[in-house]
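Participant: only geometry, no sequence info:
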């Protein structure tokens, strides 16, 4: 959920003031990843927004004076955990019933398919603002529904049934590694934290 | 080897016109990775340059009018191959004898150490312009010499002895996957290309 200034990723304004209730999702994810990095548990980093630079003022300490956001971004985060490549995208919705596919680009789907093809772990982190719940949903699920083209969203119920609830706490704010362990790793392989 | 306009990564001007001899290293790496991606062999992507955005002109199609390059970048590329997390940095030198540590930042070393700690594959791709040779050198080697602080460079001989020569060809320009296989994967595990 890179904050492109031209595009809001939150959809369906059914809650009047989400900023005042629950968490700042992106901030919570970033803080949690920082915690995992500091504790040497995992290394997952937010990708920089792809920007096309047009003009740089070299006389002024290489200040960029003209640039624009590139449209074809991939996903928000990638990194490594237990040797495995991890790649995920954060999505937030104010809807009580579903996550719309409107803000999932074809390009992101293609990217996640490639990650899966090469044996990486690919998933979405979905924040349902109304319930203040975050789910880890394997990319496989969204890809198959997206590709079927019979629906334009994935329901809250489907996310709840197919995904793993990411527990919330103080530090880390989002217990993402617990959710990854639950979704991907056997008890035997599970790292002791 | 992200092309920061304020910093040239090529060191030691011992060859007068390297641009006219041998390859454009960054271009060769990018083309090779594109080939591997298109052939579904591996997914390795150049990171976007981290840029801090100060001002965006929303009236002009979200054009960025003031921004600057962030100093703390990580490495040039990362991705996934056979399920493993891959992370590498490209360095180029015109010197016949060594690669100076001048353009390897402490921050990059720390990043690569973390990648290794979590079981990822971390390496440098080093282009010796004079010989027009590219080597894959595991990050472990550079890290240990860098940390010892007794030397300020790694010699051409060390790179040749410890690294794997990346064969050059037409498509892909750099046979990077062959080098990765040689450096990290057993014959048995080796993917059939």
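Facilitator: Alright, I've got the coordinates. Quick caveat, the model's predicted, so the values are computed rather than measured.
Participant: show me what the most centrally placed residue in chain A bridges to in the sheet.
Facilitator: Taking C-alpha atoms, centre = their mean, the centroid of chain A lies closest to residue A:90, which sits 2.1 Å from it. Note on residue A:90: beta-bridge partners residue A:125, judged by DSSP bridges.
Participant: that one against residue A:29, yeah?
Facilitator: Yes: the criterion here is C-beta atoms under 8 Å, and residue A:90 meets it with residue A:29 at 5.9 Å. In short, each C-beta sits where N, CA and C put it, glycine included.
Participant: list the buried residues of the longest helix along chain A.
Facilitator: Determined from DSSP state H, the single longest helix within chain A is helix A:25-38. Counting neighbours by 16 or more other C-beta atoms under 10 Å in any protein chain shown, one finds that the buried residues in helix A:25-38 are A:25-26, A:28-33, A:35-37.
Participant: out of those, which comes closest to chain B?
Facilitator: residue A:37 (7.0 Å; C-beta to the nearest C-beta).
Participant: without its sequence neighbours, what residue ends up closest to that closest one?
Facilitator: residue A:43 (5.6 Å; C-beta to C-beta, 6 or more residues apart in numbering or on different chains).
Participant: quickly note the distance from residue A:101 to chain B.
Facilitator: Using C-beta to the nearest C-beta, to the nearest Å, residue A:101 is found at 23 Å from chain B.
Participant: mind checking pLDDT for that residue?
Facilitator: You'll see residue A:101 listed with a pLDDT of 94.
Participant: next up, phi/psi of it, please.
Facilitator: phi -80, psi 0 (degrees, to the nearest 10).
Participant: could you do the one 3 residues further on as well?
Facilitator: For residue A:104, the backbone dihedrals (degrees, to the nearest 10) come out as phi -110, psi 120.
Participant: surely it touches residue A:91?
Facilitator: Yes: counting by C-beta under 8 Å, residue A:104 touches residue A:91, with 7.1 Å between them.
Participant: more neighbours: the two, which one.
Facilitator: Using other C-beta atoms under 10 Å in any protein chain shown, the more surrounded residue of residue A:104 and residue A:91 is residue A:91, with 24 against 20.
Participant: what's the neighbour count on the residue lying closest to that one once chain neighbours are set aside?
Facilitator: Counting by C-beta to C-beta, 6+ apart, residue A:91 lies nearest to residue A:126, which is 5.1 Å off, once chain neighbours are set aside. Residue A:126 is flanked by 23 other residues according to other C-beta under 10 Å.
Participant: repeat for the one 10 residues further on
Facilitator: The criterion is other C-beta under 10 Å. On that basis, residue A:136 has 22 neighbouring residues.
Participant: quick check: it is in a strand.
Facilitator: Yes: counting by DSSP: H, G, I helix; E, B strand; the rest coil, residue A:136 is found in a strand.
Participant: hmm, it is touching residue A:121, no?
Facilitator: No: with contact defined as C-beta under 8 Å, residue A:136 does not reach residue A:121; the gap is 10.1 Å.
Participant: shared neighbours of the two, anything?
Facilitator: residue A:180 (C-beta atoms under 8 Å, 6 or more residues apart in numbering or on different chains).
Participant: give me the pLDDT for residue A:95.
Facilitator: Value for residue A:95, per-residue pLDDT: 96.
Participant: for it, give its distance to residue A:130.
Facilitator: Taking C-beta to C-beta, to the nearest Å as the measure, residue A:95 falls 7 Å from residue A:130.
Participant: same question, residue A:57
Facilitator: For residue A:57 relative to residue A:130 (C-beta to C-beta), the value is 46 Å.
Participant: so between these two, which is more surrounded?
Facilitator: The neighbour count for residue A:57 versus residue A:130, taken as other C-beta under 10 Å, is higher for residue A:130 (18 against 13).
Participant: setting aside sequence neighbours, what's the nearest residue to that one?
Facilitator: Spatial nearest neighbour of residue A:130, excluding adjacent residues (C-beta to C-beta, 6+ apart): residue A:96 at 4.8 Å.
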